[in-house]
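Engineer: Let me see the structure of the following:
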Amino acid sequence: MQLSENDKGYLWDIDDACTDIQGFMLGTSFAEFESNKMKRFAVERQLLVIGEAANHLSDDFKSSVSDIPWKRIIGLRHIIAHEYGEILVERIYKNAIENVPDLKNSIRNILGSA
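Structural biologist: Residues are numbered from 1 along each chain as shown. Now for the predicted structure:
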């Protein structure tokens with residue numbers, strides 16, 4: 001797959017944010033995450049970075065990699081950025097624990113084959 005330099009840069013941003021989230025979440029239970037405001041804010045910030053980078057990826061690229069839920073990733077960014085009182089801690093935790101590792105693997109596979 002031929003990637004533009006812009007798309008490569010955004011994919012590297014996503015990869016870096018995923019790496020940070022995984023580091024923040026290592027060994028973190030839901031109870032600890034819920035009670036640790038700094039950790040929650042750090043994860044939320046990196047999810048914002050992921051969503052913003054995904055939003056800037058070219059439409060051609062996103063349509064060529066349709067197995068990644070780009071609209072959901074961007075939608076979560078909008079929720080975090082604009083619905084301050086509505087952010088559910090459970091949703092952020094679940095995304096960090098379950099979805100970020102899969103996203104990181106997908107991004108690494110794309111970058112590795114580019």
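Engineer: Going by C-alpha atoms from here, please, whenever you check contacts or count neighbours.
Structural biologist: Fine.
Engineer: ok, which stretches of this structure are helices?
Structural biologist: Here the chain has its helices, by DSSP state H, at 5-25, 30-35, 37-56, 59-64, 70-82, 89-94, 100-113.
Engineer: Once you drop chain neighbours, what's closest to Ile50?
Structural biologist: Spatial nearest neighbour of Ile50, excluding adjacent residues (C-alpha to C-alpha, 6 or more residues apart in numbering): Ile14 at 4.9 Å.
Engineer: In contact with the residue nearest the centre of the chain, which residues?
Structural biologist: Residue closest to the average C-alpha location in the chain (C-alpha atoms, centre = their mean): Ile50, at 3.9 Å. The neighbours of Ile50, taking C-alpha atoms under 8 Å, 6 or more residues apart in numbering as the test, are Asp13, Ile14, Ala17, Cys18, Ile73, Ile74, Arg77.
Engineer: CSV for those residues, including pLDDT, distance to Phe41 and neighbour count?
Structural biologist: Formatted as CSV, the contacts of Ile50 follow (pLDDT from 0 to 100; distance: C-alpha to C-alpha, whole Å; neighbours: other C-alpha atoms under 10 Å):
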residue, pLDDT, distance to Phe41, neighbour count
Asp13, 98, 18, 18
Ile14, 98, 17, 26
Ala17, 98, 13, 22
Cys18, 98, 15, 26
Ile73, 97, 17, 21
Ile74, 97, 18, 20
Arg77, 94, 13, 24
